[in-house]
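Student: Requesting a structural model of the entry that follows:
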Amino acid sequence: MLDYDAEADRYDETRGGVPRARAAAEAVLRLVPPGARTLLDLACGTGLVTERLTRPGLRVYGADAAPGMARRAVRRVPGGIVLADARRLPLADASVDAVSAVWLLHLVPFADAIVAEAARVLRPGGVLIVTVDKDAAHDVGSDIDAVLASHRSYETSTDRADRTAAHAAALGLEPAGATRFTGHGQGNTPRGTTEKLRRGYFASWFDGSPGTAAALAAELGTLPDQDRPRDDPEYRLVSYRRPVRRG
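Tutor: Numbering: from 1, shown residues only. Okay, the predicted model is just below:
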């Protein structure tokens, strides 16, 4: 897993910047119930998405476990950011109307614990909104993907849609909706993919040896248009609702 304190300084510029953040925020808001008053954005990073989760009557907060990220986020969402592990939130049970986790579950081996903690803090009628199948979304059928194909496996992906749905169902959460949004600026280039491979960005799906990584880097180096981005990915968001129990 990457060191997100170290990544904080360059995170926005390497992750699609404002266009991708705006698309993500608009997609999240499509799944937030009309009457929601509070939204907690988990793993909020630098707050680039969080600050765009704006709607009349909706109060937005962010939480991140990396101090470097949280320091940047608090500049964008003053008074609304907390340094916290997504598995141990400093919130009471049933205290918020919505929880979002964009580009989080694929990064960690404890996705089920994050879903459980989100379910704990949701009020009845509240929703959990998460991205699923994130790494798979980056396979857009390009020449880069053809090189990587035999080394890609999503069998153990912690944000697989079916696994996320099972975690939610076990906690009594019900499917509530889904949407998609474009990962602007995230289309891969051969040169950029080679650099990411060397830096360990693909640890969630690539389990090859250094020798295999070197061979793939050499093959990627033969592709044309080394700095031309291929198609942007389309990310998927799903939401799960805590039912309102009627006596």
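Student: Look up phi and psi at Leu128.
Tutor: When read as degrees, to the nearest 10, the backbone of Leu128 gives phi -100, psi 130.
Student: Tell me who's in contact with it.
Tutor: Shown in contact with Leu128 (CB atoms under 8 Å, 6 or more residues apart in numbering): 98-101, 115, 118-119, 122, 168, 173, 239-240, 242. Backbone N, C-alpha and C define where each C-beta goes, glycine included.
Student: I'd like the average pLDDT over the longest helix along the chain.
Tutor: Scanning the chain for the helix with the most residues, using DSSP state H, yields helix 17-31. The average pLDDT for helix 17-31 rounds to 95.
Student: With stretch 163-178 instead?
Tutor: On average, stretch 163-178 scores 98.
Student: tell me the strands in the protein, going along the chain?
Tutor: 38-42, 59-64, 81-83, 96-101, 122-132, 174-182, 234-241 (DSSP state E).
Student: In the fifth one, which residues are buried?
Tutor: It stands for strand 122-132. By neighbour count on 16 or more other CB atoms under 10 Å, the buried set for strand 122-132 is Leu122, Arg123, Gly126, Val127, Leu128, Ile129, Val130, Thr131, Val132.
Student: coming back round to it: nearest to Pro109, of the strands of the chain?
Tutor: Of all the strands of the chain, strand 96-101 sits nearest to Pro109, with 15.0 Å by CB to CB.
Student: Compute the inter-axis angle for the closest one and strand 234-241.
Tutor: On the basis of axes from the mean of the first three to the mean of the last three CA atoms, to 10 degrees, strand 96-101 is oriented at 150 degrees to strand 234-241.
Student: In the chain, where is pLDDT below threshold?
Tutor: Residue ranges of the chain with pLDDT under 70: 1-16, 247.
Student: any idea how far the residue most central in space within it is from Gln186?
Tutor: In the chain, the centroid-proximal residue (CA atoms, centre = their mean) is Trp103; its distance is 0.7 Å. For Trp103, the distance to Gln186 equals 10 Å [CB to CB, to the nearest Å].
Student: Ala146 now?
Tutor: Separation of Ala146 from Gln186 (CB to CB): 18 Å.
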